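Chemist: Structure, please.
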Amino acid sequence: MNRNSCPECKKGLLVKKSGTFETVYTDKSMQTHPLSVEGISWAQCNACGEISLDHDAMTKIETARRRALGLLAPGDLSQLRVQLGRTQVEMSELLGIGEKTYCRWERGSYVQSEGFDRYIRLLLVEPENVHLLERIASSKRRPEGHSMIEEERSIFENLQDLEAVRERGRLFTERFIRGELQAA
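Modeler: Numbers count the residues shown, from 1 in each chain. Prediction:
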């Protein structure tokens, strides 16, 4: 078979196309919405219309889909991890999730939940949250009989100005909703 032959119908030829790719995405209430992604290249069968996307195109489409859903894209997760100077294993330990789960989020093969997306954004908004998570994780590794409640109380008492942290979070959220900020 000719390498430009359609793998689906085996009759047509794959023709290279580029421009704005039109697709749809499904939101959490299971409603579909149109999604236009600019700067995409793909191959399309001139007989049956079958579309073939390469890795770069899939990455751009997935990033646009996550943005439309209001979620951090795989590149955002990777950028945050690098910014924090962490490996994927260290990042999964910090978040308290499985290593494979985090790697799949960053690779784009799994999508983080809305709850985890918010949780991760707390690390973007307030770097002190990284230290709090580290302390919480280390308190859970303490020997049996150690009072985790007392340890956690001391962790949160060390927030110097909780009202200032809340205000920064509120301002960040307002600016993000108004579209003044993009996910990192």
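Chemist: neighbours of the nearest residue to residue 81 once chain neighbours are set aside, just the number please.
Modeler: Excluding the flanking residues, the one nearest residue 81 by CB to CB, 6 or more residues apart in numbering is residue 91, at 4.7 Å. For the C-beta atoms, the positions are set from N, CA and C on the backbone; glycine is no exception. Neighbour count of residue 91, defined by other CB atoms under 10 Å: 23.
Chemist: Tell me which helix or strand residue 91 sits in.
Modeler: In this structure, residue 91 is located in helix 88-95 according to DSSP states H and E.
Chemist: average model confidence for that helix?
Modeler: Average pLDDT, helix 88-95: 94.
Chemist: Residues touching it, excluding its own?
Modeler: Contacts with helix 88-95, where a contact means CB atoms under 8 Å, 6 or more residues apart in numbering, come from 81, 84, 86, 98-99, 101-103, 106, 116, 119-120, 130, 133-134, 137.
Chemist: which residues in the chain form helices?
Modeler: Counting by DSSP state H, one finds helices in the chain at the ranges 55-69, 74-83, 88-95, 99-107, 114-125, 128-140, 148-157, 162-177.
Chemist: which of the residues in the fourth one are buried?
Modeler: Buried residues in helix 99-107, counted by 16 or more other CB atoms under 10 Å: 102-103, 105-106.
Chemist: Break this protein down into its domains, please.
Modeler: Per the record, the chain has its domains at 1-69, 72-184, by automatic domain parsing.
Chemist: Send over stretch 112-127 as CSV, restricted to the C-alpha atoms.
Modeler: Only the C-alpha atoms of stretch 112-127 are listed here, as CSV (Å, rounded to 0.1, in the frame of the first residue of the first chain):
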residue,chain,number,x,y,z
GLN,A,112,-7.0,16.1,36.2
SER,A,113,-10.3,16.7,38.0
GLU,A,114,-11.6,20.2,38.6
GLY,A,115,-10.7,19.7,42.3
PHE,A,116,-7.1,18.8,41.6
ASP,A,117,-6.8,21.6,39.1
ARG,A,118,-7.8,24.0,41.8
TYR,A,119,-5.4,22.3,44.3
ILE,A,120,-2.5,22.7,41.8
ARG,A,121,-3.4,26.4,41.2
LEU,A,122,-3.0,27.0,44.9
LEU,A,123,0.7,26.2,44.3
LEU,A,124,0.8,28.8,41.5
VAL,A,125,-0.9,31.5,43.5
GLU,A,126,1.0,31.1,46.8
PRO,A,127,4.4,29.5,46.9
